[in-house]
Structures are given as structure tokens and as C-alpha cells.
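> After the sequence you'll find the predicted model.
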Amino acid sequence: MCKTICNRGSNTKDVTIYGFRSNDDKGYCTSTNSFEDIIFSVIVPVKGSLNKKWLEYLDKVFSHNSEIILIGENILHCTQLSRKIVLIEAKCNRSQARNLGLSICKGDLVFFLDMDQVPSKRLVSEAIELFKKGYDMIKIPERFIGATLWGRASALWKMSIQEVDKEYGCIPRIYSKKVFSRVGGFDADLDILEDFILYLRARKADLKEAWASSPLYHFEQHNLKEIIEKSYFYSKALYSLRIKGVENKAILTKYMKAIHAFIKMMTSRDDLRVKICCIALIAFRLLLIILQFIRRIIRI
């Protein structure tokens, strides 16, 4: 297997890029994907193990003139799953991973996807039509799904936020690649809210945005332990967050909608057990944020 080593600067270590020859079904690699006229570049930061069925589904949803760029550590087990795949083996945060994907992607459209999100084929075709009409970025309504009681509680809270916050409840997931020459990439120091900060810059640049009608399916964690771990990571990342005044104001506006979201959640028709679990999760996350806020003040 051949590989290319390239240095991407001080934020990441040496990066190994793997890609497939389009005329080779044996999985031999070249330094880049060799497809021509690529429409979609799907960029996915990888943390932990990948779901093989999820990756196979992406392979079916996106047409032959697309590429799926996976960025993370120890991901070479994905090499036999699809000839559309480009692998970037690197130790980096989400923002750096997405920037690495941007630096090599060939598509006219860039879809920033997470490992727990599933697009439909209808969404993909709708996005292409919207960009043909001259839009620069597309907001996609997310449909949060939980398979367990705690997963349903987490999904209920996120759906409530999305429904009350029409301005910031959804952010663009798909951009025209050409816009990044105007707004730049992701802030390499951020591991949370990086996509929100990018959206704020895009709005400031007066880019044309559209809403997709087809949803993006977002699957919540199955068990309480996973939800707690993610909440703890988020609160720790908030502690180290350093952003500008205008962005702080937008983030404050976004989080103030939580009060309305709570009312929306309580008045929903969901099962009472789900609501109780949702309240418990909100209380836990709020406690973590308060503790990190206190820590920031006293500089422990």
C-alpha cells in the first residue's frame, strides 16, 4: 500500500493520506482520490470505531462522482469498504480534522457530517438543486432519534431547541467549496461550536443560505454513560473556549433560547418518563457548566 506523508503545520503532526484508484477494486492506494468531476466531498472526523453499515450506507447514498474523506487515528481498517473513501490518518481535534479534509477535497460541494448522522438520498439530490440556484450554504433540519429511554430524552431536548431557535437551532452542513476562499476554514483551536463560529463568519460575508426540506437523521447515544461522557467533554471544552465579543453575543443569544426550549419540552406530548430523564440530563449539564464557569473565575 503506498502512502503520502505531508506536514500540515503546528496544529497537527505528520499526516498520512490514503485514497483509492477508481479503476482498481483490490484496495491499492494512491495519495489522492482519482475521480474526476466530483460533486460531493463528505468530510467526517472519526473518533473511536466506525460503524461498517453506516459507511456502506453512505457509499450507496452518494453517487459515483463523490468522495468520502475520513480523518482520525487508526482508521486503516476502512480501506476495503468503499472505493470512494479517502483516509487521512492524523491525531487532531474536530476543527483540524475538517480543515485537513478541506485541504484535499475535490468536490464542488462540501458536506460536513458526523459519525452519528445519516443523510437521505433525497437530501443529497435536493442540495445539488439548491446550489444550482446559486445558494452558498444549506441549513438542514435534524431529526434526533433515541433508541433507549435516555437516548429519547436527549433527542427530545435537542428537538425542542431546534424548534424554538429558528435562527441558530440549525446550522449549515453543506457549503459550496468556493466560499472557503472568502470565509476561511474552521478555527483550529476549537473543539466545540466550530461549525457555529464558521456559520457566523459566513453570515457576516453575506453568503446566500437556503433551507433543505429533507431532514438529516441524528442518532443519540444509547446509554447514560455515553451521554454523561459527551456532556463532560463539552463542559471541559467550554472552559477553554476563547472567542471574540461578537461571537460571544451570538452564543449567549443561542443559549438563552434554552428557557423557551424547556417550556417546549415540558408541553410536548412525549412520555412522562422521557421528560423526567430529560430534566435530569438538563440539570446535570447545567451543573457541569456552572462548575466550569466557577473554575474559570478562580483559575483552578
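Looks like it came in fine. From a predicted model like this one, the values you see are computed outputs, not experimental measurements.
> which residues in the stretch 51-200 of the chain form helices?
52-61, 94-104, 121-132, 149-164, 180-183, 194-204 (DSSP state H, counting those that start in this stretch).
> Select, out of the ones you listed, the one closest to residue 276.
Among those, helix 149-164 comes nearest to residue 276, with 8.1 Å by Cβ to Cβ. No exception for glycine: its C-beta is placed from N, CA and C like everyone else's.
> Keeping just the C-alphas, turn that closest one into CSV.
Taking C-alpha atoms only, helix 149-164 is exported to CSV below (Å, rounded to 0.1, in the frame of the first residue of the first chain):
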residue,chain,number,x,y,z
LEU,A,149,-35.1,5.9,27.3
TRP,A,150,-32.0,8.2,27.9
GLY,A,151,-31.4,8.5,24.2
ARG,A,152,-35.0,9.6,23.7
ALA,A,153,-34.6,12.1,26.5
SER,A,154,-31.5,13.6,24.8
ALA,A,155,-33.3,13.6,21.4
LEU,A,156,-36.4,15.4,22.9
TRP,A,157,-34.2,18.2,24.3
LYS,A,158,-32.3,18.7,21.1
MET,A,159,-35.6,18.7,19.0
SER,A,160,-37.1,21.3,21.5
ILE,A,161,-34.1,23.6,21.0
GLN,A,162,-34.3,23.3,17.2
GLU,A,163,-38.0,24.1,17.2
VAL,A,164,-37.7,27.3,19.3
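> sorry, back to before: any chance of the helices of the stretch 51-200 of the chain in CSV, with mean neighbour count and distance to residue 72 too?
Shown next, in CSV, are the helices of the stretch 51-200 of the chain (neighbours: other Cβ atoms under 10 Å; distance: least, Cβ to Cβ, whole Å):
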stretch, mean neighbour count, distance to residue 72
helix 52-61, 14, 13
helix 94-104, 22, 7
helix 121-132, 17, 23
helix 149-164, 22, 24
helix 180-183, 14, 21
helix 194-204, 19, 16
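> averaging pLDDT over each of those, which comes out lowest?
When the helices of the stretch 51-200 of the chain are ranked by mean pLDDT, helix 52-61 comes last with a mean of 89.
> beta partners for the nearest residue to residue 203 once chain neighbours are set aside?
Leaving aside its chain neighbours, residue 203 sits nearest to residue 209 (7.7 Å; criterion: Cβ to Cβ, 6 or more residues apart in numbering). Counting by DSSP bridges, residue 209 is bridged to residue 137.
> can you give me how far stretch 118-133 is from the chain middle?
17 Å (Cα atoms, centre = their mean, to the nearest Å).
> Make residue 1 into 10 and carry on from there
Let's use 10 as the start, then, which means that last one is stretch 127-142.
> what's it in contact with?
48-49, 63, 66-67, 69-72, 117-118, 120, 122, 147, 149, 183, 185, 219, 221-228 (Cβ atoms under 8 Å, 6 or more residues apart in numbering).
> Out of those residues, which sit inside strands?
Taking DSSP state E, the ones among the contacts of stretch 127-142 that sit in strands are 49, 118, 120, 147, 183, 185, 219, 225-228.
> Got a quick PyMOL command for the buried subset of the residues you listed?
A single PyMOL command is used to select the members of the ones in strands among the contacts of stretch 127-142 judged buried by 16 or more other Cβ atoms under 10 Å:
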select buried, resi 49+118+120+147+183+185+219+225+227+228
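> re the thing from before, dump the helices of the stretch 60-209 of the chain to a markdown table, plus distance to residue 291.
Shown next, in a markdown table, are the helices of the stretch 60-209 of the chain (distance: least, Cβ to Cβ, whole Å):
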| stretch | distance to residue 291 |
| --- | --- |
| helix 61-70 | 29 |
| helix 103-113 | 24 |
| helix 130-141 | 30 |
| helix 158-173 | 7 |
| helix 189-192 | 33 |
| helix 203-213 | 20 |
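> Any idea which of those gets closest to residue 296?
Set against residue 296 and scored by Cβ to Cβ, these come closest in helix 158-173, at 15.2 Å.
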